[in-house]
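**Student:** After the sequence you'll find the predicted model.
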Amino acid sequence: MEKNHIFILVICRQQAYNYIGYFYRLFAGRRERMKVLVINCGSSSLKYQLIDAETEQALAVGLCERIGIDGRLNHTPADGEKVVINKDMPDHEVAIRMVLDALVNDTYGVIKELKEIDAVGHRLVHGGEKFSSSVIIDDEVIAAVEECNPLAPLHNPANLIGVRACEAIMPGVPNIGVFDTAFHQTMGPVAYMYGLPHEYYEKYKVRRYGFHGTSHSFVSKRAIEMLKLDPDNSKVIVCHLGNGSSISAVKNGKVVDTSMGMTPMEGLVMGTRCGDMDPTIVEYLAHNLGKSLEDIMVILNKESGVYGLSGGVSSDFRDLDAASNEGNEKAKLAVEVFSYRTAKYIGSYIAAMNGVDAIIFTAGLGENNAVVRGQILEHFGYMGITLDQEANKVRGEEKIISTPDSKVTVAVIPTNEELAIARETVALLG
Ligand code: ADP
């Protein structure tokens, strides 16, 4: 068969899927009654929610964690008990199959069959300059996202495994992609340009893009609402601290700067990523280790960060805290380096916005780790920021953790990227 015939067949298959999905939704009811499965494949975790678009409530929420390490599925139906399933999850595809099995399980499932899922909203990390808004995913979109894989080698391939698994298991159900890079598009050139020859931006679009945009958007909006700030006169710093971590400076609801760059490697020290460092180290290590550039990039992406700093103890802060408590000095240092770098970024964003009204902690680590929050905020005593030690014990819920007389309000606000993605999904299909 000639190449262009194959191409037409592929397009037709995709169109057919879209039409099946459209008519299914038409017969199933209006878009307000849609059930949207949101999948957020992180580098070591996969969060999911099945969301009822009418009530915006999650029918079930869950988390596959420690993917590639060992594997644990936490599944909680809205009106039931949390179920924990310990089972090997060597990769994201295995994780997604476990999620779908849990959703239709006779005992703790929330739907009878997979066809009750009207659409799947996927977090997609890097859209380069090709995507400035959310899209309905088809083969062409997949190919375009694949072209961006070199820019986010830990994330885009994991995201696409999620898309392909859903296409294979739920043919006809539309998949929507919501990009991490979109919210940061308000950054001006003063923040997004590197100190490189200008032509590299013009020819190759080498610039800072920023990531975790869906989370920074959701949390900064919620901070303005929760703390009753003036949306047109507010300065908020959002610290999204997880396995991958980033900070944003959001002035009057718009990003003026964020710590990740052309790829999610820049900025903070992360689970396995090095964050900011002298670029000369790449050449120096390649030379001394006799390794290729590609090998060095693998080291910087997968063997560095707190994992590398701790001498390989773990990329998970729970393991690092446990090791520190047992006297492991490298694990202790890894956590301290993380906190110190984060504090330096907060300081620089206070300068970038010429002030700050609120500092918000979010994501797995930001929401749950009191030690790290405490270490970071120690650096801001000079500004009159004071932490309420009791309130700082909070885990995973919205709470102000600064004292009432603190000059700047500090709060924990759980991120809800899933709800933000479900809203985009419904809006695109409506
Ligand atoms: P990802 O970037 O993979 O989405 P997460 O946002 O899930 O990562 O963050 C992972 C980090 O958050 C880990 O280092 C882990 O220690 C920490 N974390 C997540 N959940 C909890 C929890 N319930 N208690 C303590 N720490 C947690």
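**Tutor:** Sure thing, it's come through.

**Student:** How much space separates whatever residue of the stretch 251-400 of the chain ends up closest to the ligand from residue 201?
**Tutor:** Here the stretch 251-400 of the chain gets closest to the ligand at one residue, residue 364, 2.4 Å apart by C-beta to the nearest ligand atom. The C-beta positions use only the backbone N, C-alpha and C, and glycine is treated the same way. Separation of residue 364 from residue 201 (C-beta to C-beta, to the nearest Å): 34 Å.

**Student:** Quick one: low-confidence residue ranges for this protein.
**Tutor:** Scanning the chain for pLDDT under 70 picks out the ranges 1-32, 43.

**Student:** 80 - rerun?
**Tutor:** For the chain, the stretches with pLDDT under 80 are 1-33, 42-44, 129, 132, 150-154, 430.

**Student:** Enumerate the residues of it near the ligand.
**Tutor:** Counting by C-beta under 6 Å from any ligand atom, the chain comes close to the ligand at 42-45, 242-244, 316-318, 363-365, 368-369.

**Student:** of these, closest to residue 399?
**Tutor:** Distance to residue 399 across the residues of the chain next to the ligand (C-beta to C-beta) is lowest for residue 368, with 12.1 Å.

**Student:** residues near the closest residue to the closest one other than its chain neighbours, how many?
**Tutor:** Here the nearest residue to residue 368 in space, its sequence neighbours aside, is residue 395; by C-beta to C-beta, 6 or more residues apart in numbering that works out to 4.8 Å. Residue 395 is flanked by 11 other residues according to other C-beta atoms under 10 Å.

**Student:** Show the contacting residues for residue 395.
**Tutor:** The neighbourhood of residue 395, defined by C-beta atoms under 8 Å, 6 or more residues apart in numbering, consists of 367, 368, 370.

**Student:** residues contacting residue 44?
**Tutor:** Residue 44 touches 65, 66, 67, 68, 69, 243, 271, 315, 316, counting by C-beta under 8 Å, 6+ apart.

**Student:** let's see 10 Å
**Tutor:** By C-beta atoms under 10 Å, 6 or more residues apart in numbering, the contact list for residue 44 reads 64-69, 89, 92, 154, 158, 242-244, 271-272, 315-316, 364.

**Student:** Pretty sure it sits in a strand.
**Tutor:** No. Under the criterion used here (DSSP: H, G, I helix; E, B strand; the rest coil), residue 44 is coil, not part of a strand.

**Student:** What distance do you get for it to residue 103?
**Tutor:** Taking C-beta to C-beta as the measure, residue 44 falls 22 Å from residue 103.

**Student:** residues near residue 72, how many?
**Tutor:** Residue 72 has 17 neighbouring residues, counting by other C-beta under 10 Å.

**Student:** was I right about it contacting residue 87?
**Tutor:** Yes. Assessed by C-beta atoms under 10 Å, residue 72 is found in contact with residue 87 at 7.8 Å.

**Student:** Now for residue 405, how many residues are close by?
**Tutor:** When neighbours are counted by other C-beta under 10 Å, residue 405 comes out with 7.

**Student:** For it, give me its contacts.
**Tutor:** Each residue near residue 405 by C-beta under 10 Å, 6+ apart is listed here: 384, 386.

**Student:** ok, it to residue 104 distance?
**Tutor:** Counting by C-beta to C-beta, the gap from residue 405 to residue 104 is 52 Å.

**Student:** before we move on, the earlier item: restricted to helices, list the contacts of residue 44.
**Tutor:** Residues of the contacts of residue 44 located in helices (DSSP state H): 92, 158, 364.

**Student:** What strands line up against the longest strand seen in the chain, and which way round?
**Tutor:** Across the chain, the longest stretch assigned as strand under DSSP state E is strand 57-65. In the sheet containing strand 57-65, its partner strands are strand 46-52 (antiparallel), strand 72-77 (antiparallel), by DSSP bridges.

**Student:** Pull out the buried residues from it.
**Tutor:** Neighbour-count burial for strand 57-65, counted by 16 or more other C-beta atoms under 10 Å, picks out 58, 59, 60, 61, 62, 63, 64, 65.

**Student:** can you check stretch 104-115 too?
**Tutor:** By neighbour count on 16+ other C-beta under 10 Å, the buried set for stretch 104-115 is 108, 109, 110, 111.

**Student:** Adding secondary structure as columns, could you present these in a markdown table?
**Tutor:** A markdown table is the format used below for those (three-state DSSP):
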| residue | secondary structure |
| --- | --- |
| 108 | coil |
| 109 | coil |
| 110 | coil |
| 111 | coil |
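
**Student:** for these, which one is nearest residue 131?
**Tutor:** residue 111 (30.3 Å).

**Student:** unless I'm mixing things up, that closest one is touching residue 101, no?
**Tutor:** No. Applying C-beta under 10 Å, one finds residue 111 not in contact with residue 101, separated by 11.8 Å.

**Student:** so how far is stretch 200-212 from its chain's centroid?
**Tutor:** Mean-position distance between stretch 200-212 and its chain equals 19 Å (C-alpha atoms, centre = their mean, to the nearest Å).

**Student:** What is the end-to-end distance of that stretch?
**Tutor:** End-to-end distance for stretch 200-212, by C-alpha to C-alpha, to the nearest Å: 25 Å.

**Student:** Neighbours of residue 250, how many?
**Tutor:** By other C-beta under 10 Å, 28 other residues sit near residue 250.

**Student:** again, but for residue 227
**Tutor:** A count of nearby residues for residue 227, using other C-beta under 10 Å, gives 16.

**Student:** Show me the contacts of residue 395 that map onto helices.
**Tutor:** Counting by DSSP H, the contacts of residue 395 contribute 367, 368, 370 to helices.

**Student:** Name the member of those that has the highest neighbour count.
**Tutor:** Neighbour max across the ones in helices among the contacts of residue 395 (other C-beta under 10 Å) = residue 367, 22 neighbours.

**Student:** Next up, the contacts around the closest residue to it other than its chain neighbours.
**Tutor:** Closest residue in space to residue 367, ignoring its immediate chain neighbours: residue 396 at 4.9 Å, by C-beta to C-beta, 6+ apart. Residues near residue 396 by C-beta under 10 Å, 6+ apart: 364, 367, 368, 412, 414.

**Student:** Who are the contact partners of residue 212?
**Tutor:** 123, 125, 180-181, 183-184, 219, 238, 240, 242, 244-248, 258-260, 264, 362-363, 415, 417.

**Student:** Tell me which entries of those lie within helices.
**Tutor:** If you go by DSSP H, those have 219, 363, 417 in helices.

**Student:** Now do the SS call for the residue nearest to residue 368.
**Tutor:** With three-state DSSP as the basis, residue 395 sits in coil.

**Student:** For the ones in helices among the contacts of residue 212, could you give me a markdown table that also reports distance to residue 330?
**Tutor:** Shown next, in a markdown table, are the ones in helices among the contacts of residue 212 (distance: C-beta to C-beta, whole Å):
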| residue | distance to residue 330 |
| --- | --- |
| 219 | 32 |
| 363 | 24 |
| 417 | 32 |
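
**Student:** Right, I'll call it a day here.
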